[in-house]
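Enquirer: Would you be able to build a 3D model of this:
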Amino acid sequence: MVLTQAISIGLVTLACTVGHFVWSWLSQLLVTKRFLRQSPIPGPPPSNWIIGHVSKILSDDAPLQLAEWTNTYGPIYKIQLNNSPAVVLTDPAAITSLIRWPSSPTYITKSPDIYGALELGTQPQLHNILTSTDNAYWKAVRQGTAPCFSVSNLKQVFPWVLHLCSKAVQKVHETAATPAANGTTARDHTAVIAAEVNVVDIAKRFTSDVMGHMLFAEDLKGMDMGKSMYIDLFSKLLEEVHQNIANPLRKFMIWSADAKQGKEALKTHDKLMGDKLEAMLANPPPDYTITGHLLKVVDPATGKRLVRDQLKAEIAIMMGAGFETTSHAISWTLAALAAHSEVQQTLQIELAAAGLAPPVGDSHNTVSGDDTSSAAQSGGSSNGALPPREIDWSDLTKLPYLNAVIKEGLRVFSPASLGTTRYCHKELEVLGHKLPKGTCVIIPPYPIGASQHNYGPTANYFIPERWLEPQQLQQVQRLKSTAMAAGNALTGSATHGDNNNGSSSDSGSVKGNGLGQHDPVAVVQAGSTTAASALPGSKAPEGLAFLIGPRDCMGQTLARIELQALIATLVGHFKLEPSQKLAADLATAAAGADGTSKANGGDSSKLGFNPVTVLKQSIMYHITLQPRDDMKLKLTPRY
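Expert: Just a heads-up that it's a prediction; the model follows:
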């Protein structure tokens, strides 16, 4: 009798709890529906009445979808996320007013509820520096670890970055010296010492080894090109996190083999991070490391050092965030350079002027005789030419075109594509529209960079010149003129133009940067009527790849150094070209664009074929912007 009554009471309590949850959820849904119906903010119709636009936001092509909506509905548009109202904001000035200054009455912070899935990598599941709101704990960890990314500290890490760059060059040469798929090797008497390289793999190995040094002062040996437990494991972890965001009920799917494998990956990652922490506690790392700083952080809630579980959570999130996004930024930028031969050649000219690459006319792509194997192994060429010098710390601020290329890569292919989501703690007015309390504000770097409101009609084109100040632009043009005067003929014209408007070259590459016979500077200037700030020499709106304000990317300086060092090294040593498959895709798309141009009467005022559109076909969004498959490029030594 007593047991029956207890069961009855339990069932009634459960029913009341579930009923209250459902009623609260539906009540909020009705409030959201009223906002969507009455607000003058434009926006796409929801794909589902109950969950709204969630399926689109969590799809593999979510960044592309948001970019399309941005160019359709403008710099602010409304969407529905389950039962909550949300807006997507891509206007840089409006974004600045909301997240730049914590003392501002319009400042909005993160809602930790949105980021719960990013805490799954360690157990127990705890808030960390990335997922916490702007509370005392977050401030303590941020202030405690920020000195790791100071100039003086990064100078201590820079030699390790250069060491890894040298390893990358060595591994490409070794790949070229092994039998290729078609049976041709560098040992053939007339063969080109070239290799098809998966730059995604190299970039991940490079950045994971950098972060291993930054976190633990440890060589994770990714660049030794053996099996990397951490990289393989983190890919599975990231996929499981994405699946949990897409399906909050996944944790209860005990019948699913895929879900079981995901849980096992989470468990293995938790153990790996726990083992790393125990090793650090037993033998504390040097002061310049992130872990060395974390061990000194005091939790304001207890007045004591961070406990083991909290330390483990911080180490795990910093490792993942520190290597994953930067690796994809490197991969996409290298692919863009391979697909834009004139941009790459301009970069080579700048690097050559600094001694970081051979002059354009002195590149040697073929070797003969029995010396080819030893040349590949030593990094020199059979004619006695020496490889370029190693990049130095002082070079980092003296290469404006390299930095413009990196900025443009981050704009066009923002790796943290969907950026940050903030929460309106009160009613706010943004771009003339009222946002009710409780509205989520999505600030996504990828659509910001793709917005024609921000960058005019060239928003989808890869044009590094848009970032150059007038004096920097003149400097680059002088270098190009000097190279031409010295007899080093460029593949295209001095202005990056191309008379074939994207036709394929003998090497299998696709010439042109999508601008036909147009000067890239003139093309950007032509868009000034819709985006005056896109003019070279003016203040082009930053793509916000690292965001701004107190919650910006703490490691952005390190990320830029990694991008500068590896891209300068690889472009200085190797000519980058599309792989055979990518070259075929580019050529097919170029031929179609050329046919369309002729059908339109060959109007030279129209922009030509855009290689970026082909690269973007391989986009897959799973927490970060990554290629759907491997990103293979053909690398040929320049010396």
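Enquirer: So for the helix or strand where V614 lies, what gets flagged as buried?
Expert: Element membership for V614, per DSSP states H and E: helix 611-615. Within helix 611-615, the residues that qualify as buried by neighbour count (16 or more other C-beta atoms under 10 Å) are P611, V612, V614, L615. Where you see a C-beta, it was placed from the backbone N, CA and C, and this is true even at glycine.
Enquirer: Given the following helix or strand past it, what are its sheet partners and their directions?
Expert: Once the chain leaves helix 611-615, the next helix or strand it forms, by DSSP H and E, is strand 619-622. Here strand 619-622 has these sheet partners by DSSP bridges: strand 624-627 (antiparallel).
Enquirer: Distance from the chain centre to the strand it pairs with, please.
Expert: Relative to its chain's centre, strand 624-627 lies at 7 Å (C-alpha atoms, centre = their mean, to the nearest Å).
Enquirer: next one: stretch 236-246
Expert: Remark: stretch 236-246 is offset 18 Å from the chain centroid, using C-alpha atoms, centre = their mean.
Enquirer: pLDDT (mean, whole number) over it?
Expert: Average pLDDT, stretch 236-246: 88.
Enquirer: List the contacts of it.
Expert: With contacts defined as C-beta atoms under 8 Å, 6 or more residues apart in numbering, stretch 236-246 is touched by 58, 117-118, 120-121, 250-251, 258-259, 261-263, 265-266, 269, 320, 324, 622-624.
Enquirer: So which of these sit within strands?
Expert: In strands, defined here by DSSP state E, the members of those are H622, T624.
Enquirer: Which of the contacts of stretch 236-246 fall in helices?
Expert: Secondary structure from DSSP state H places D258, A259, Q261, G262, K263, A265, L266, H269, G320, E324 of the contacts of stretch 236-246 in helices.
Enquirer: and the next element down the chain from the helix or strand bottoming out on mean pLDDT in the chain?
Expert: Counting by mean pLDDT, DSSP states H and E, the chain has its least confident helix or strand at helix 372-378, which shows a mean of 41. Once the chain leaves helix 372-378, the next helix or strand it forms, by DSSP H and E, is helix 400-412.
Enquirer: Packing partners of that following helix?
Expert: helix 308-339, helix 341-353, helix 445-450, helix 470-485, helix 556-573 (3 or more C-beta pairs under 8 Å, 6 or more residues apart in numbering; DSSP states H and E).
Enquirer: Give the other helices and strands that the following helix or strand past the third one contacts.
Expert: Per DSSP H and E, helix 445-450 leads on to helix 452-455 as the next helix or strand towards the C-terminus. Here helix 452-455 touches helix 62-73, going by 3+ C-beta pairs under 8 Å, 6+ apart.
Enquirer: And the contacts of the helix it packs on?
Expert: Helix 62-73 has contacts (C-beta under 8 Å, 6+ apart) with 42-44, 56-57, 59, 77, 88, 90, 414, 417-418, 442, 444, 446-448, 450-453, 459, 616, 619, 621, 625.
Enquirer: list the helices and strands whichever strand or helix holds L36 packs on?
Expert: L36 belongs to helix 2-38 when assigned by DSSP H and E. Applying 3+ C-beta pairs under 8 Å, 6+ apart, we find helix 2-38 packed against strand 76-81, strand 84-89.
Enquirer: looking only at pLDDT, what's the mean for the first one?
Expert: When the per-residue pLDDT values of strand 76-81 are averaged, the result is 97.
Enquirer: on contacts alone, who are the packing partners of that strand?
Expert: Contacts defined by 3+ C-beta pairs under 8 Å, 6+ apart place strand 76-81 against helix 2-38, helix 54-57, strand 84-89.
Enquirer: Make TSV out of these and add distance to A194 and mean neighbour count.
Expert: TSV is the format used below for the helices and strands packed on strand 76-81 (distance: least, C-beta to C-beta, whole Å; neighbours: other C-beta atoms under 10 Å):
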stretch	distance to A194	mean neighbour count
helix 2-38	55	11
helix 54-57	41	18
strand 84-89	43	24
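Enquirer: if we can go back for a sec, just the C-alphas of the helix holding V614, formatted as PDB.
Expert: What follows is helix 611-615, C-alpha atoms only, in PDB (Å, rounded to 0.1, in the frame of the first residue of the first chain):
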ATOM      1  CA  PRO A 611      37.900  30.600 -58.100                       C
ATOM      2  CA  VAL A 612      36.500  31.300 -54.600                       C
ATOM      3  CA  THR A 613      33.200  29.900 -55.700                       C
ATOM      4  CA  VAL A 614      34.900  26.500 -56.500                       C
ATOM      5  CA  LEU A 615      36.800  26.400 -53.200                       C
END
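Enquirer: which other helices and strands contact that helix?
Expert: Helix 611-615 sits against helix 308-339, helix 580-599, with contacts defined as 3+ C-beta pairs under 8 Å, 6+ apart.
Enquirer: just so I know, which of those helices lies nearest L563?
Expert: helix 308-339 (6.0 Å; C-beta to C-beta).
Enquirer: Now do that closest one against helix 341-353, angle only.
Expert: Orientation check (axes from the mean of the first three to the mean of the last three C-alpha atoms, to 10 degrees): helix 308-339 against helix 341-353 gives 110 degrees.
Enquirer: Pull out the buried positions in helix 308-339.
Expert: 310-339.
Enquirer: cool, stretch 165-178 as well?
Expert: C165, K167, A168, V169, Q170, K171, V172, H173, T175, A176, A177.
Enquirer: Sticking with the residue most central in space within the chain, tell me its helix or strand.
Expert: By C-alpha atoms, centre = their mean, the chain has its centre lying nearest to P415, at 2.1 Å. For P415, there is no enclosing helix or strand under DSSP H and E.
Enquirer: That one reaches I623, doesn't it?
Expert: No - checked against C-beta atoms under 8 Å, the pair P415 and I623 is beyond contact range at 9.7 Å.
Enquirer: intersection of neighbour lists for these two?
Expert: Residues within reach of P415 and of I623 at once, by C-beta under 8 Å, 6+ apart, are E324.
Enquirer: So what are the sheet partners of the strand or helix carrying V197 and their directions?
Expert: Per DSSP H and E, V197 falls inside strand 195-198. If you go by DSSP bridges, strand 195-198 pairs up with strand 632-637 (antiparallel).
Enquirer: quick one: average confidence on the strand it pairs with?
Expert: Mean predicted lDDT for strand 632-637 stands at 96.
Enquirer: Next: stretch 316-329.
Expert: 94.
Enquirer: mind listing the strands in the stretch 151-300 of the chain by residue range?
Expert: Per DSSP state E, counting those that start in this stretch, the stretch 151-300 of the chain has strands spanning 195-198, 298-299. These are given in chain order.
Enquirer: next SSE after the shortest one?
Expert: Same thing as strand 298-299. Going down the chain from strand 298-299, the next helix or strand is strand 304-305, by DSSP H and E.
Enquirer: okay but Y77 is in contact with P44, surely?
Expert: Yes - look at Y77 against P44 with C-beta under 8 Å: they come within range, at 7.2 Å.
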